[in-house]
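Colleague: Need a 3D model of the following:
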Amino acid sequence: MSAVRGVVGRAVAGVWWYLREVSGETAYDRYVEHCRRHDAAARVLSRREFERRRQDDRDRTPQQRCC
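Modeller: Next comes the predicted model:
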């Protein structure tokens, strides 16, 4: 039974990872990691600031997309 739980748990984790990647949810996590790796003294934007700048960039340079 624990083997089945392990398989199901890995499947759920994989689906969760995929959904976060596709939705862009991991962009902030990658940004924070990048800042920490390259300049530990730099000010890291808050999640709200990051998303605001990200949306402003999208509005400034529109690309063809579905929505």
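Colleague: Give me the contacts around the lengthiest helix in the chain.
Modeller: For the chain, the helix with the greatest residue count under DSSP state H is helix 2-23. The contact list for helix 2-23 (C-beta atoms under 8 Å, 6 or more residues apart in numbering) reads Glu25, Thr26. Placement of C-beta: from N, CA and C, glycine included.
Colleague: Can you give me the buried ones in it?
Modeller: Within helix 2-23, no residue is scored as buried using 16 or more other C-beta atoms under 10 Å.
Colleague: Show the average pLDDT along that helix.
Modeller: The average pLDDT within helix 2-23 is 91.
Colleague: and if you look at stretch 27-39?
Modeller: Regarding stretch 27-39, the rounded mean pLDDT is 91.
Colleague: Quick check: closest non-adjacent residue to the residue minimising distance to the centre of the chain.
Modeller: By C-alpha atoms, centre = their mean, the mean C-alpha position of the chain lies nearest to Thr26, the distance being 0.9 Å. Closest residue to Thr26 apart from its sequence neighbours, by C-beta to C-beta, 6 or more residues apart in numbering: Arg20 at 5.1 Å.
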